[in-house]
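**Student:** Sequence and predicted model, in that order:
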Amino acid sequence: MKPPMTGRRARRGARAAIVGIALTALAGSLTSTAQASPGQSVTTLRETTPVSLASELTGRNVTIRSATFTGSPVQGGLFADAGFGAFPTTGVALTSGSLIDADPASDEDVDFTRSAVLGPNSSLTTTGDLGGAGDETLAALAGATTYDAATLAIEVVPKGRTLRLTYLMGSEEYATWAQSGYGDAFAIWVDGTPCSFVPGSDTLVGTSTVNASVNSAYYVANFAPNDPGAGGQDTEMNAFTVPLTCTATVTPREPTTVRVSVADTRDGQLDSTVLLQSDSLRSTQVPTTIGDLLCRLLPWLPWCPDGSGWNGPTAV
């Protein structure tokens, strides 16, 4: 038998009560069991490793040294055939909830019901309240207590002076709470410096900084009031950003740490998720010889090693 809940999970507060009322009032459309759309899949860290996640992300001119993950195994993994919005169909997913639907027969799956990412959108209030720890660095950045943090840290060696990573953030907070003081926390750091900014600004990406009212050019809604399926995007997330790019200046051929974290804030309610594009953690190589310069401009030359050419711009 599972022990009684204590601490924050026993003190859900006013917002949880409101969410509970919404679930009861809209049981037909909001609480049905989620079934993944045909072809969609996730492989969590119950079945794979942090190094596999890092390998999925790593592209041209970047070498992996190590990778670690902090959180529940169901909070991190690989996704395939997502096929929604403008985002590529494969990559790495991190969530403050669960990437998979709960198995009713499993004693491990008692703290969540449905996947935070697999479509279609069948609930406006998907919540995996896992009772997990927060992330101190993310909490300091957000100015709020965090819970259920999922954090992937990768040490890499870039060949060039620029490191890029393409990502998308989505959340259940968008249906009701994004502009009500409840905004889950998310950030990407490169060697300890935040990198996940709204394009052309020093504002960090989040539910309160990218939504229907603020920076709406980067926002994609996937719901209508009382109707999670009205958005037409094949994901459980109520809304999400367009693909964005973290771009950082780094020291060529020196170890560099890329850290990605997402967490609930203030309470454990409503899931937020970040998707990272496959093969998008890339560096622009610095030409050190005439041969390097030629390979950067003409990577098809027979003496150029694989991956030495210019990798061009990433998605914004």
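**Tutor:** Noted; the coordinates are in hand.
**Student:** which residue ends up closest to the midpoint of this structure in space?
**Tutor:** Val274 (1.1 Å; Cα atoms, centre = their mean).
**Student:** so Glu56 is in which element?
**Tutor:** Using DSSP states H and E, the element containing Glu56 is helix 50-57.
**Student:** Can you list the neighbours in contact with that helix?
**Tutor:** 45, 64, 66-69, 76-78, 90-92, 152, 154, 156, 165, 276-281 (Cβ atoms under 8 Å, 6 or more residues apart in numbering). C-beta coordinates here come from the backbone N, C-alpha and C atoms, glycine included.
**Student:** Give the buried residues for it.
**Tutor:** The neighbour-count check on helix 50-57 (16 or more other Cβ atoms under 10 Å) flags 50, 53-57 as buried.
**Student:** Check the residues you listed against Glu108 and report the nearest one.
**Tutor:** Nearest to Glu108 out of these is Pro50 (Cβ to Cβ; 19.3 Å).
**Student:** Toward the C-terminus, what is the element adjacent to the helix holding Glu56?
**Tutor:** Next element after helix 50-57 (DSSP H and E): strand 62-70.
**Student:** Sheet partners, orientation included, of that following strand?
**Tutor:** Here strand 62-70 is paired, per DSSP bridges, with strand 146-158 (antiparallel).
**Student:** Show the average pLDDT along the partner strand.
**Tutor:** Strand 146-158 shows a mean pLDDT of 97 in the predicted model.
**Student:** circling back: what is the orientation angle of the helix holding Glu56 with strand 62-70?
**Tutor:** Counting by axes from the mean of the first three to the mean of the last three Cα atoms, to 10 degrees, helix 50-57 lies at 140 degrees to strand 62-70.
**Student:** Now do helix 50-57: distance to the chain's middle.
**Tutor:** Averaging C-alpha positions (Cα atoms, centre = their mean, to the nearest Å) puts helix 50-57 14 Å from its chain's average.
**Student:** okay, that helix in CSV with CA atoms only?
**Tutor:** Below are the C-alpha coordinates for helix 50-57, written out as CSV (Å, rounded to 0.1, in the frame of the first residue of the first chain):
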residue,chain,number,x,y,z
PRO,A,50,20.8,9.9,-20.7
VAL,A,51,23.7,9.2,-23.1
SER,A,52,21.2,8.0,-25.7
LEU,A,53,19.3,11.2,-25.3
ALA,A,54,22.4,13.3,-25.7
SER,A,55,23.4,11.2,-28.8
GLU,A,56,20.0,11.9,-30.3
LEU,A,57,20.5,15.7,-30.0
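**Student:** thinking again about what came up before, for Arg253, state which of the buried residues of helix 50-57 is nearest.
**Tutor:** Distance to Arg253 across these (Cβ to Cβ) is lowest for Ala54, with 18.3 Å.
**Student:** Quick one: neighbours of Leu298, just the number.
**Tutor:** Using other Cβ atoms under 10 Å, Leu298 has 11 neighbouring residues.
**Student:** List phi and psi for Pro252.
**Tutor:** With angles defined as degrees, to the nearest 10, Pro252 sits at phi -60, psi 140.
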